[in-house]
Every structure is written in structure tokens, then in C-alpha cells.
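In: coordinates for the following, if possible.
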Amino acid sequence: ALLLITAGLIGGRFIETTFFPTVEFDSININFAFGPGTGEERTMTYLNRFTDTIWELNDELKQQYHDPDDFVTYTFSTIGTAFEGDENGSHAGQIFVLMRDMEGAPVTTSEITKMLTKKIGRVNELEKITIGGRDRWGSPVSISLLGSNMEELNRAKDFLSSKLIEYPELININDNNTMGKREVRLELKPKAYFLGLNNSDVTSQVRYGFYGGQAQRLQSGKDELRVWVRYPKEDRESIGQLESMKIKTSTGEYPLTEIANYKIERGPVSIKHYNSLKEIRVEADLIDRYAPVPPILQSITRNIIPELKSKFPGVKIEYQGQQKQSAEAGQEIMKFFSIAFCLIVVILLIHFKSTFHTLIILLMIPLAWIGAALGHGIEGLPISMLSAWGMVALSGVIINDSVVFLSKYNQNLKEGMKVIDAAVDAGIMRLRAILLTSITTVVGLYPIILEGSFQAQFLKPMAVSLAYGVLFGTFFLLMFFPALIVALNDFKVWFKTKTTGKQVTREEVEPAIIYSKISID
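Out: Numbering: from 1, shown residues only. Next comes the predicted model:
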């Protein structure tokens, strides 16, 4: 019943779950980019504009909270690169904003980021802009579109981005497909192939005519002179002069317009690959940094991905960011916990010489995990991967109390007590020891749970798992463990009677009595 109730609380989101806990950052980054080819002067204008907005907000915060100290320590502007190197050129800019030590401040960095985003507003001139701090766990929403057809990937990217914009929980929706400067793209007509031409032949002649081709290299003393041949300047000043250009063939010269069509569009600066496939990655941040990530990804998987796959069958989907980090961390946890669990089982089997006693001790582990989950609900923290590491440690701690209890029970049996009396006496005699160890553990961990510093945020999920797991686990142990012992004894008596046809006593089926008799014999 406890397991079902806890599952219901998690499923109903009374107890939230997420991949990683939200940790406040101490800096803000503003990344933006115009279309490629935009000059430095325009980019610098916007850098100065955004910097002024930051300091205006700083003054407003000081007045609002009656705080004489600056919230912003300094700002640093960079032109020529943005979005962690995905955008390079005069069209890209970045502002790094370092905050003061925000511990104990009347406002958080996340709230300041929201205010700054609202104050800057929508800038239609920009192709990309993000305002926020770098999440150490990766982007909350990060989806890789993989395929071999770049044109199909671009259409899939536009479709996915347009759908993500409709989510009110998301902000800063961008992709890593950086578009370059405008290019002239030639598409050959059937006549070109009939004349024996290919793309390389035509583009080479266009390049030689407008850019130039090296005709000769001459040595003049220590210097090397290169002779380039191209059209006169007046014949290569505009794109329209392409139409009057002549293409040489083995049968004569033909106007370019008879050989090929041309169009002007932007080409990619670089093509990224992932697992041998071309990749475009679409990412988004959460407006509320403390909102759980899994429900949003579930909604995307359920409502967007099926339609995307049907429209673009050549595109594969793979989640990156926090979901990928969480999956990898989960695999690590399972690997190490499996080793620890096997060691625990072996030790218990050697000590108690009983599979059934080992089983009821291991049954305390999920009960302790229920306590850890309830503790996250009480503290208002989402269950995360760091909580899972705490639950791994909790498994060993809670088993300790069970071993202490069961060892006293076996000792009572060896001293001649009946089963029920031995179980009751074990609870009475070990009550103080179990309670003291559990209470001291909880009290020792609780300062970490109450700590609000930046460093403590990484430890709080593990501390909550341990403290509340031990607290609730101890209660469950004292309430249920004696009943489990007697119920298990009832089952063994019934099974032994059925298989042998002889009535046996409760004590005769207990391993402590069986092995003590063997030792005497």
C-alpha cells in the first residue's frame, strides 16, 4: 500500500522528478547573432545597447531592494563569436555578466535573468538571441536531428523549432546549424550534359572569370610572382553580369543562361556529424528553471516527434543534454549498485546461512526508498539522479539496522526463547540502539539539508535521501520487521509440514536452531 501511494504521489506530480537538481548560476551570458555578413559596427551598437540595459537593471534592483551594493560586478563584451563557437564572424556578439555572491541576496540570478529578458524584449533584427546562465548538466531540451540529406534536416529543424515555440514553458529556442554568407548556386540544364559539361566544369569557369585563375608563376630574384587572369573590373561588379558570361565547350561558347540556372542563398558554414550522420541540434531552455524536465520531454515525444517522423522519414531523433546525461548516469548507478548489491547478498548469506532471512532484510531496501521519496516531497525537492546516488548509500545503511535486529532474534532463539517471544524481545532490546543510530544520522545530515549555499545544492538531494530514508526506514523496520519474521516462520512451518507430513514446531525450522544442533552433533 505504501509503495502504491508513493507511486501515485510521484505520478500525480505531488512529488516531482527531474534529471538533475537546479543549481543557481553566478553569471549570465547574452549571446546573439545577426545574419552572416553583418558589419561589426551594427553588432557593436547592440553590444553597447544590451550592456547599458544590464547596468540600468542593476540600478533598478538596488533601488527596489534598498541595497547599496551592486548586483552586477562587471560586464565583458566580445565581438566575433557567440553560442560557444557555433557563430563566428562580425555578425555575432556575446556579453558575459558576472554577478556578486548571491548567497543571501533578496533576489536570485534566475529572477534577474527573467527581468533582463523582459527589459531587453523581443529584438526582431536578430536571427538568434539567448539570455541565461550555462547549465552545468546540459540543456533541458536538446534534440539531435540525424540524417544524410541536409535539406531534409533543415526542414525538420524548422518544423521542430516552430512546434517548440508553442510551448509556454520554453525559451531561447536555437539550433547549431549556422548559416554562412550568401552563395551563388548553379543548377545545370539538360543542354549542359548534352554538351559534355558537369558541375565542376561550369563552376570552375565562373570562378576563373570572377575570382581569377592562376596562369603562371615567375621567379624574380628571391620573390615569386603569380600571374592571375580574370575579367576586367567593369565586367565583374554585379551578380547580374553572370547572365552575359560565356561558357567554353568543345563545340564553341554558350551563354551561361543556356547552360545553367542560378540562385542566391545562404550555405552552411560547417556541417556537424554525430555517429557518422549529419546532425542539426535544436535546444531550448526552461522559463522556470525549477520546473521538472521529464514531463516536457514526454509531451514532445508524444505530440511532436511522431508527426516529425511521418513528415521527414529520413530523419532520426536522439535526445541529448540532460536526458542523455541522466541515462549515462543511470547506467553508472546500475553498474555499481549491482556490484554492491551482490556483495551485500553474499555477506548476508554467509552470516545468516539463510536465503529467507536474507530476503526479508533486502525487503527493507524498497521501504527505505519510499521514505527517501516522501522526504523529497516534504522538503519540496524533485527526485533527481543525485537523489539516486543517495538511495544507493541508503541501501547499505538501512540493512545495518535489520542485521542488528535479526542477529538479536537469532541469539534469543539459541538461548531457548520461543519464536514470537524472541521477536518481541529483539524489538525491545534493540529499540534503543536502532533509534539512537538512526536519529544521530538524521540530525547529522539535517544541517546540509538546511544549508542554502551554492556548494550545498549538490549534496542536498543525497542528504535528503539518506536522512529521510533512514528516518522512515527505521519506523518501517520497527513496525514491520518483527511481523515479517513471524510471517516467514509461519510459511516455513506450513511448507515443512506439507512436504514431510510431520507436524513441526516454530523453532525447528529456524536456521539458528538448525545450525546450532548441527554444531552440537
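
In: mind checking which helix or strand T43 is in?
Out: Using DSSP states H and E, T43 falls within helix 40-64.

In: contacts for that helix next, please.
Out: 30, 32, 34, 67-72, 75, 77, 79, 90-93, 95, 97, 107, 112, 115-116, 119-120, 123, 126 (CB atoms under 8 Å, 6 or more residues apart in numbering). Glycine gets a C-beta too; all of them are placed from N, C-alpha and C.

In: what's the nearest residue to the most centrally placed residue in the chain if we skip its chain neighbours?
Out: The centroid of the chain falls nearest to Q322 when counting by CA atoms, centre = their mean (0.5 Å). Once flanking residues are discounted, Q322 sits nearest to F19: 4.2 Å by CB to CB, 6 or more residues apart in numbering.

In: surely the one you found and M385 touch.
Out: Yes - with contact defined as CB atoms under 8 Å, F19 counts as touching M385 (6.3 Å).

In: and stretch 290-301, how far out from the chain middle?
Out: From the chain centre to the centre of stretch 290-301 is a distance of 11 Å (CA atoms, centre = their mean, to the nearest Å).

In: CA atoms of that stretch as CSV?
Out: C-alpha atoms of stretch 290-301 as CSV (Å, rounded to 0.1, in the frame of the first residue of the first chain):
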residue,chain,number,x,y,z
TYR,A,290,13.0,24.8,-11.3
ALA,A,291,10.3,23.1,-13.4
PRO,A,292,10.8,19.4,-13.9
VAL,A,293,12.2,18.4,-17.3
PRO,A,294,10.8,14.9,-17.9
PRO,A,295,7.1,15.9,-18.3
ILE,A,296,8.1,18.4,-21.1
LEU,A,297,10.2,15.8,-22.9
GLN,A,298,7.3,13.3,-22.6
SER,A,299,5.0,15.8,-24.2
ILE,A,300,7.4,16.5,-27.0
THR,A,301,7.9,12.8,-27.6
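
In: in it, what's buried?
Out: Going by neighbour count (16 or more other CB atoms under 10 Å), the buried part of stretch 290-301 is A291, P292, V293, P294, I296, L297, I300.

In: where's the second one, which helix or strand?
Out: The reference is to P292. If you go by DSSP H and E, P292 is not part of any helix or strand.

In: surely it and I383 touch.
Out: No - using CB under 8 Å as the test, P292 is too far from I383 to be in contact (9.4 Å).

In: overlap in contacts of the two?
Out: Joint contacts of P292 and I383 (CB under 8 Å, 6+ apart) are E16, T17, T18.

In: how about these in a markdown table, adding secondary structure and distance to V404?
Out: Formatted as a markdown table, the shared contacts of P292 and I383 follow (DSSP: H, G, I helix; E, B strand; the rest coil; distance: CB to CB, whole Å):
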| residue | secondary structure | distance to V404 |
| --- | --- | --- |
| E16 | coil | 35 |
| T17 | strand | 33 |
| T18 | coil | 35 |
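
In: of these - the most surrounded one?
Out: T18 (23 neighbours; other CB atoms under 10 Å).

In: quick one: pLDDT of that one?
Out: With respect to pLDDT, T18 has a value of 85.

In: phi, psi of it?
Out: Taking degrees, to the nearest 10, you get phi -150, psi 180 for the backbone angles of T18.

In: ok, M245 next?
Out: Per-residue torsions, M245: phi -70, psi 150 (degrees, to the nearest 10).

In: circling back to that earlier point, the helix holding T43: how far from the chain's middle?
Out: How far helix 40-64 lies from its chain's middle: 31 Å, per CA atoms, centre = their mean.

In: right, I'll leave it there.
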